[in-house]
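>>> Provide a 3D model corresponding to the input given below.
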Amino acid sequence: MACDRNDCTPGDATADISAPPSPEAAKSSGAHFWRNVLLFYTSDSLAAVATAVVSVQTVVAVLLQQAGFANVILGLSMATSTIGVCLTQVPAAFWASRARHKGRWLTWLRVAESLPRLVAVVGAFMLAPSRPWATAFLLFMPLFAGSLLLGANRPVRAELDGRLVPHTRRGRYYGAMMVAQVGLGMLGAALARSLLAQIPGRGGYAACFAAAAAFGIASAIPFSFLPEPENGDSKKQGRFLDYFHGLTSLIGADRNYRNFLWGRALVGIGHMAQGFFAVYALERFHLPAKTAPLFTIPALVGQAMGSFLWGYVGDKKGHRLVQLAMCVQSGLAPLLALVAPNAWVFALVFWMNGMAYASDFVSTNNFLLESAPDHDMMGYVSFANSLIAPTFALSSILGGAIADLTSFRLLFFLSVLIWVGGFWVMAARVRDPRAMKRPAA
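Here you go, the predicted structure:
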């Protein structure tokens, strides 16, 4: 149980102190831990293939550009997915607390999340500015529907991570998870390139959506074998609005959590340049469209390297430090994009972006889990994700508008300035929640 340093009672401070487990119990616990990790890693690796095959920042962005859409529409496609993820998280935290088996909850949500990609197969053929309604219903609506279902499984997954993985290992667990995803993510990027190269016209993009649906459905199977945590979030009674009001009151009293959310809001807006790196590189260096998926490779290499580094740093030094590193790396990526002399150097932009993504992946959920009260991990994590997601969505639309009205270069420069602001908030106003816990007895 976690309590604030100033609010602990003697009973609170000793609640977690117990006799060490027997060797037999420790061995059994370790076996269960590695079994759970294997299930998580298998599912997430297959999901990484699905994501890489239809990456919104590369494959979908290039598809929209080739179909004749303006850059602001490219940003809208990214915003559609981001907004969908935020809308369902808090309601899902409320209803999932009543679920009898959360692993099965995740299984069916992952299957349902993958099915809209089959609709997008048709959308790839119908995509055109002259058919706005067909485009909206056959491409944007599937992206939006999939993101709603992705958002619904996020709080449940966060709780299972928090309950089934000890916090002293969780940074390296997230880091190693990303490394496991990288190899199959590269396979997904290579598969996308192969499909686009071998299947002419829109058929290649349609094949990418179909492949992503197949891998997404396969990734759902391991979740059905996960155990139910012994001490999960308390079952939420009454109406959802009453639960939501109580959650906002609890969060309103947590100043450090609120400051973290302000910093995350700037982080969200700072992402306004990231969705346009591939489009800018193809335009600036006169590269063919089939090159776009290759930019995923240095990004995945950066993710792998960052996962090892930042997972270890987060476990040993706390996740606020990793958040600061994310701001630095994310600010360097658009700065490098401004000065890169050729496509080979520009690949380092994606590498740096991958390092930053690893920082974010390793530290953000861990920061929230360490800040959360023990009785409602799902609510604390889902509220933060839901509140901040609109800034991420706005950033991609804003980035597209700036690129259309001015230039990519101005967009990248403004992004650098915003990342500097995000770094300042995290450095000056946010404390590591681990440092705010009670001292050891």
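
>>> Would you mind listing the buried residues in the helix or strand where Ala356 lies?
Ala356 is part of helix 343-371, with elements assigned from DSSP states H and E. Burial within helix 343-371, assessed by neighbour count using 16 or more other Cβ atoms under 10 Å, is assigned to 343, 346-371. For the C-beta atoms, the positions are set from N, CA and C on the backbone; glycine is no exception.

>>> Please enumerate the helices of the stretch 251-400 of the chain.
With DSSP state H, counting those that start in this stretch as the criterion, the stretch 251-400 of the chain has helices at 255-270, 277-285, 296-317, 319-339, 343-371, 377-405.

>>> Of all those helices, which one is nearest Asp242?
Asp242 lies closest to helix 377-405 among those, at 12.6 Å (Cβ to Cβ).

>>> Can you check what angle separates the closest one from helix 255-270?
When axes from the mean of the first three to the mean of the last three Cα atoms, to 10 degrees is applied, the directions of helix 377-405 and helix 255-270 differ by 30 degrees.

>>> Packing partners of the helix or strand immediately after helix 377-405 in the chain?
Downstream of helix 377-405, the next assigned helix or strand under DSSP H and E is helix 408-429. When contacts are defined as 3 or more Cβ pairs under 8 Å, 6 or more residues apart in numbering; DSSP states H and E, helix 408-429 packs onto helix 255-270, helix 319-339, helix 377-405.

>>> just how off-centre is helix 408-429 within its chain?
20 Å (Cα atoms, centre = their mean, to the nearest Å).

>>> who's in contact with that helix?
Outside helix 408-429, the residues within contact range by Cβ atoms under 8 Å, 6 or more residues apart in numbering are 259-260, 262-263, 266-267, 269-274, 276, 280, 283, 320, 323-324, 327-328, 330-331, 334-335, 337-338, 399, 402-403.

>>> Going by neighbour count, which of the residues you listed are buried?
Neighbour counting by 16+ other Cβ under 10 Å classes 259-260, 263, 266-267, 269-274, 276, 280, 320, 323-324, 327-328, 330-331, 334-335, 337, 399, 402-403 among these as buried.

>>> what's the spacing between His375 and Ser97?
From His375 across to Ser97, the span is 10 Å (Cβ to Cβ, to the nearest Å).

>>> neighbour-wise, which of those two wins?
Ser97 (22 against 14; other Cβ atoms under 10 Å).

>>> Is it correct that the more buried one is in contact with Ser234?
Yes. With contact defined as Cβ atoms under 8 Å, Ser97 and Ser234 form a contacting pair (6.8 Å).

>>> which parts of stretch 300-308 are buried?
Leu300, Val301, Gly302, Gln303, Ala304, Met305, Gly306, Ser307, Phe308.

>>> Could you check how far the first one is from Ser81?
So the one you mean is Leu300. 19 Å.

>>> Tell me who's in contact with Ser386.
Neighbours of Ser386 in contact, by Cβ under 8 Å, 6+ apart: Cys86, Leu87, Gln89, Val90, Gly151.

>>> Can you add neighbour count, distance to Arg172 and pLDDT and give those back as a markdown table?
Shown next, in a markdown table, are the contacts of Ser386 (neighbours: other Cβ atoms under 10 Å; distance: Cβ to Cβ, whole Å; pLDDT from 0 to 100):
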| residue | neighbour count | distance to Arg172 | pLDDT |
| --- | --- | --- | --- |
| Cys86 | 22 | 28 | 79 |
| Leu87 | 17 | 32 | 83 |
| Gln89 | 28 | 26 | 87 |
| Val90 | 23 | 29 | 87 |
| Gly151 | 27 | 26 | 86 |
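
>>> Please flag which of the residues you listed sit within strands.
Nothing among the contacts of Ser386 maps onto strands, per DSSP state E.

>>> Could you pick out which of those residues are located in helices?
Among those, the residues falling in helices (DSSP state H) are Cys86, Leu87, Gln89, Val90, Gly151.

>>> between these, which is closest to His32?
Gln89 (27.7 Å).

>>> ok, and the closest non-adjacent residue to the closest one?
Among residues not flanking Gln89 along the chain, Ser382 sits closest, at 3.6 Å (Cβ to Cβ, 6 or more residues apart in numbering).

>>> ok, back up a step: tabulate the helices of the stretch 251-400 of the chain in TSV, adding columns for mean pLDDT.
TSV is the format used below for the helices of the stretch 251-400 of the chain (pLDDT from 0 to 100):
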stretch	mean pLDDT
helix 255-270	90
helix 277-285	89
helix 296-317	87
helix 319-339	94
helix 343-371	90
helix 377-405	84
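
>>> For those, please prepare a markdown table with the additional fields distance to Ala189.
Converted to a markdown table, the helices of the stretch 251-400 of the chain look like this (distance: least, Cβ to Cβ, whole Å):
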| stretch | distance to Ala189 |
| --- | --- |
| helix 255-270 | 25 |
| helix 277-285 | 12 |
| helix 296-317 | 4 |
| helix 319-339 | 18 |
| helix 343-371 | 11 |
| helix 377-405 | 21 |
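
>>> These: which one's closest to Leu64?
Short answer: helix 277-285, nearest of the helices of the stretch 251-400 of the chain by Cβ to Cβ, at 9.2 Å.

>>> and the closest one, what does it pack onto?
Against helix 277-285 (3+ Cβ pairs under 8 Å, 6+ apart) you get helix 61-66, helix 319-339, helix 343-371.

>>> Would you mark the buried spots in that helix?
Applying 16+ other Cβ under 10 Å to helix 277-285 flags Phe277, Ala278, Val279, Tyr280, Ala281, Leu282 as buried.

>>> close enough to count as contact, the last one and Thr291?
Yes. Because the distance of 6.7 Å satisfies Cβ under 8 Å, Leu282 is recorded as touching Thr291.

>>> Let's see the pLDDT reported for Lys27.
pLDDT, Lys27: 46.

>>> so what's the most centrally placed residue in the chain closest to, chain neighbours aside?
Closest to where the C-alpha atoms of the chain average out (Cα atoms, centre = their mean) is Phe361, at 6.3 Å. Spatial nearest neighbour of Phe361, excluding adjacent residues (Cβ to Cβ, 6+ apart): Met178 at 5.7 Å.

>>> Check whether that neighbour sits in a helix, strand or coil.
What DSSP: H, G, I helix; E, B strand; the rest coil gives for Met178 is helix.

>>> number of nearby residues for it?
If we define neighbours as other Cβ under 10 Å, then Met178 has 25 of them.

>>> how close does it sit to Phe260?
On the measure of Cβ to Cβ, Met178 and Phe260 end up 22 Å apart.

>>> All good on my end, thank you.
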